[in-house]
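Trainee: can't give you the sequence, but here's the structure:
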């Protein structure tokens, strides 16, 4: 039976859909057979990102790196040329030629087009370096010198050259130029022969770097100056071997270590004042203050120990006073980290002074008394960190005494009294320190509880140990009644229980009958009295 054709026209939407499916199939076939790529045509082009990266690297090498290497090579070549002897010329001529070249470089930088700013920056730094080298040529290199670095004129010329570099760096506000300028300044301190002039320059350029950092509101000049200053002092203290001298520690002048204290104070204050907010900047300042205290005081301590033994006590007391005063200044600005670092460094200096001034075992008495001073200072500065650090140091000193002392001299009693006094201070000024818990106070009380039985055990004859411990317990009960503090009552309870345990283990078997019976009677009477007192107190409760 034949099918009759339909008179109904085709649906346009159905035709469009069929054509779309056909085009998709043809595209897949062409892609598979690669019919869409003409013969001999190039492969796929590199992505735009890859092309841009390659171009950036090419421009970086050609524009920046070649400029730096080329200018550095020219500068080194000029410097070597200026350093030649030239015996037929007056000694001042090479330096004058260098000054002319420097003036030409600055003129070239001044009038160069804006698109050559990158090259201009390198040329400016080269001009600064060559200007200082030309000044050095007046005093060094060659057979004859126009000036002497040991004389005032030579030192002034070198100082003016370094100062000019520092002024240029300050005007340009460039950390790199600051590094170059400060390097020339501290190099001048080592180049001059006079210790007073050289050490004065170390302090002067340190203060200048701090002033620049505060003015710019950036710590970069200070962070650059710190290693230069301490390195310059270290090289000077080793007799400045760069000038051909033998390596040995310099023993004078007596005021030389004070330069380190000046630098330490200047850098510490400058780091805080050059910060203008921001968590990252505050972190940088805190790290800088820590490294400053570490490097400055370590160098100060090493030099005074090596060469100023007769003046060591005074030197360490001076350092302690300066550092604790610096901690107070940081505390007034609510700089908790800076105050903690400077205070602990100052107390470290005080500890060295005490160790030098006294002999064992008396030294442990003074070190333990220092613990009370530290806690009092911590309360004044509102520093919880100092309290915690002081407790650790207190335990170290106590352990050192126990390890060193061959015979008990009653010093451990002093440790116990210090622990009680410190706990009392912490309880008295708890709100000022903003301590959230009683942890530190309880730690000192627990230490006192352990020290007193230990001390009495070694000081009192064995027959009287239990009676002495009962007396200590009664003292705790008296303190509890006077101070209205329950903690001392608990210390009394614990001491009585410790006494009962001692009698049960040692007293019954080793003590003579008279002292054994007396100890048991006294202990039993005290325990009974304490029980009656608590029974009465409990009956009074509403």
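Mentor: Alright, I've got the coordinates. Keep in mind the model is a prediction, meaning the values are calculated, not measured.

Trainee: Using the record, which stretches count as separate domains in the chain?
Mentor: Here the domain parsing of the chain from automatic domain parsing is 358-459, 464-542.

Trainee: out of these, which comes closest to residue 300?
Mentor: Nearest to residue 300, of all the domains of the chain, is domain 358-459, at 19.5 Å by Cβ to Cβ. C-beta here means a position set from N, CA and C on the backbone, and glycine is covered the same way.

Trainee: Now do the closest one, average pLDDT.
Mentor: For domain 358-459, the mean per-residue pLDDT is 81.

Trainee: hmm, back to that, tell me the most buried of the domains of the chain?
Mentor: Highest mean neighbour count among the domains of the chain (mean count of other Cβ atoms under 10 Å): domain 358-459, with a mean of 18.

Trainee: end-to-end on it?
Mentor: Terminal residues of domain 358-459 lie 23 Å apart, using Cα to Cα, to the nearest Å.

Trainee: hang on, residue 120 packs against residue 111?
Mentor: No. If you go by Cβ atoms under 8 Å, residue 120 and residue 111 don't touch, sitting 9.8 Å apart.

Trainee: Might you report the residue contacts of residue 212?
Mentor: For residue 212, the contacting residues are 166, 169-170, 178, 221, by Cβ atoms under 8 Å, 6 or more residues apart in numbering.

Trainee: Out of those, list just those in helices.
Mentor: Among those, the ones falling in helices (DSSP state H) are 166, 169-170, 178, 221.

Trainee: Look up how far residue 102 lies from residue 165.
Mentor: Plainly put, residue 165 is 11 Å away from residue 102 if you go by Cβ to Cβ, to the nearest Å.

Trainee: And those two? Which one has more around it.
Mentor: Taking other Cβ atoms under 10 Å, residue 165 and residue 102 do not tie; residue 165 has more neighbours (24 against 20).

Trainee: Next, the buried residues of stretch 72-80.
Mentor: Residues of stretch 72-80 classed as buried by neighbour count (16 or more other Cβ atoms under 10 Å): 75, 78-79.

Trainee: Output the residues you listed in CSV; the columns should cover pLDDT and distance to residue 497.
Mentor: Below are the buried residues of stretch 72-80 laid out as CSV (pLDDT from 0 to 100; distance: Cβ to Cβ, whole Å):
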residue, pLDDT, distance to residue 497
75, 81, 82
78, 84, 86
79, 84, 82
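
Trainee: Among these, which one sits closest to residue 272?
Mentor: Nearest to residue 272 among these, with distances taken as Cβ to Cβ, is residue 75, at 37.3 Å.

Trainee: hmm, back to that, nearest to residue 243, of the domains of the chain?
Mentor: Among the domains of the chain, domain 358-459 comes nearest to residue 243, with 41.2 Å by Cβ to Cβ.

Trainee: Could you pull out the buried residues of stretch 130-143?
Mentor: For stretch 130-143, by 16+ other Cβ under 10 Å, it's 130-142.

Trainee: For the most centrally placed residue in the chain, give me its contacts.
Mentor: Compute the mean C-alpha point of the chain, and by Cα atoms, centre = their mean the closest residue is residue 290, 1.5 Å away. Listed by Cβ under 8 Å, 6+ apart, the contact partners of residue 290 are 337, 341.

Trainee: Which SSE is immediately downstream of the one helix or strand it maps to?
Mentor: Under the criterion of DSSP states H and E, residue 290 resides in helix 279-307. The C-terminal neighbour of helix 279-307 among helices and strands, as given by DSSP H and E, is helix 312-332.

Trainee: Also compute the angle for that next one relative to helix 279-307, please.
Mentor: Orientation of helix 312-332 against helix 279-307 (axes from the mean of the first three to the mean of the last three Cα atoms, to 10 degrees) gives an angle of 170 degrees.

Trainee: list the buried ones in the helix or strand just after helix 312-332?
Mentor: As assigned by DSSP H and E, the chain's next helix or strand after helix 312-332 is helix 336-357. Neighbour-count burial for helix 336-357, counted by 16+ other Cβ under 10 Å, picks out 336-356.

Trainee: what's helix 336-357 packed up against?
Mentor: helix 256-273, helix 279-307, helix 312-332, helix 362-381, helix 384-404 (3 or more Cβ pairs under 8 Å, 6 or more residues apart in numbering; DSSP states H and E).

Trainee: And the pLDDT for the residue lying closest to residue 158 once chain neighbours are set aside?
Mentor: In this structure, residue 158 finds its nearest non-sequential neighbour in residue 188, 4.4 Å apart by Cβ to Cβ, 6 or more residues apart in numbering. On pLDDT, residue 188 comes in at 94.

Trainee: Wait, residue 188 touches residue 159, no?
Mentor: Yes. Counting by Cβ under 8 Å, residue 188 touches residue 159, with 5.7 Å between them.

Trainee: Common neighbours of the two, please.
Mentor: Common contact partners of residue 188 and residue 159 (Cβ under 8 Å, 6+ apart): residue 201.

Trainee: Which one of those two is surrounded by more residues?
Mentor: Each of residue 188 and residue 159 has its neighbours counted (other Cβ under 10 Å); residue 188 has more, 29 against 22.

Trainee: What residues of stretch 145-153 count as buried?
Mentor: Within stretch 145-153, the residues that count as buried by 16+ other Cβ under 10 Å are 145-147, 149.

Trainee: And the contacts of stretch 441-457?
Mentor: Outside stretch 441-457, the residues that touch it by Cβ under 8 Å, 6+ apart are 391, 394-395, 398, 408, 410, 412-413, 415-417, 419-420, 422-423, 426-427, 430, 435, 465, 468-469, 472, 487, 491, 494-495, 498.

Trainee: Could you do stretch 489-498 as well?
Mentor: Stretch 489-498 is contacted from outside by 445, 448-449, 452-453, 469-470, 472-474, 476-477, 480, 523, 526-527, 530, using Cβ under 8 Å, 6+ apart.

Trainee: mean confidence for that stretch?
Mentor: Mean pLDDT, computed over stretch 489-498, is 84.

Trainee: what do you get for stretch 321-335?
Mentor: 89.

Trainee: what distance separates it from the centre of its chain?
Mentor: How far stretch 321-335 lies from its chain's middle: 15 Å, per Cα atoms, centre = their mean, to the nearest Å.

Trainee: which residues touch residue 112?
Mentor: Residue 112 neighbours (Cβ under 8 Å, 6+ apart): 119-120, 123.

Trainee: nearest residue to residue 166 other than its sequence neighbours?
Mentor: residue 181 (4.2 Å).

Trainee: what's near enough to touch that neighbour?
Mentor: Counting by Cβ under 8 Å, 6+ apart, residue 181 touches 128, 162, 165-166, 168-169.

Trainee: at 10 Å instead, please
Mentor: By Cβ atoms under 10 Å, 6 or more residues apart in numbering, the residues touching residue 181 are 125, 128-129, 132, 161-170, 174, 205, 208-209, 212, 221, 224-225.

Trainee: Now list the buried members of those residues.
Mentor: By neighbour count, with 16+ other Cβ under 10 Å, those hold 125, 128-129, 132, 161-166, 168-170, 174, 205, 208-209, 212, 221, 224-225 as buried.

Trainee: so which strand or helix has residue 247?
Mentor: Short version, using DSSP H and E: residue 247 is in no helix or strand.

Trainee: pretty sure it contacts residue 234?
Mentor: No. If you go by Cβ atoms under 10 Å, residue 247 and residue 234 don't touch, sitting 11.6 Å apart.

Trainee: who's more crowded, the two?
Mentor: It is residue 234, of residue 247 and residue 234, that has more neighbours when counted by other Cβ under 10 Å, with 14 against 8.

Trainee: Show me where the protein dips below the pLDDT cut-off.
Mentor: In the predicted model, the chain carries pLDDT under 70 at residues 1-20, 22-67, 113-117, 276-281, 429-437, 462, 504-520, 523, 530, 532-542.

Trainee: give the contact list for the residue nearest to residue 147 when sequence neighbours are not counted.
Mentor: With Cβ to Cβ, 6+ apart as the criterion, residue 147 has its nearest non-adjacent residue at 3.9 Å, and that residue is residue 154. If you count contacts by Cβ under 10 Å, 6+ apart, residue 154 has them with 135-136, 138-140, 145-148, 188, 191-193.
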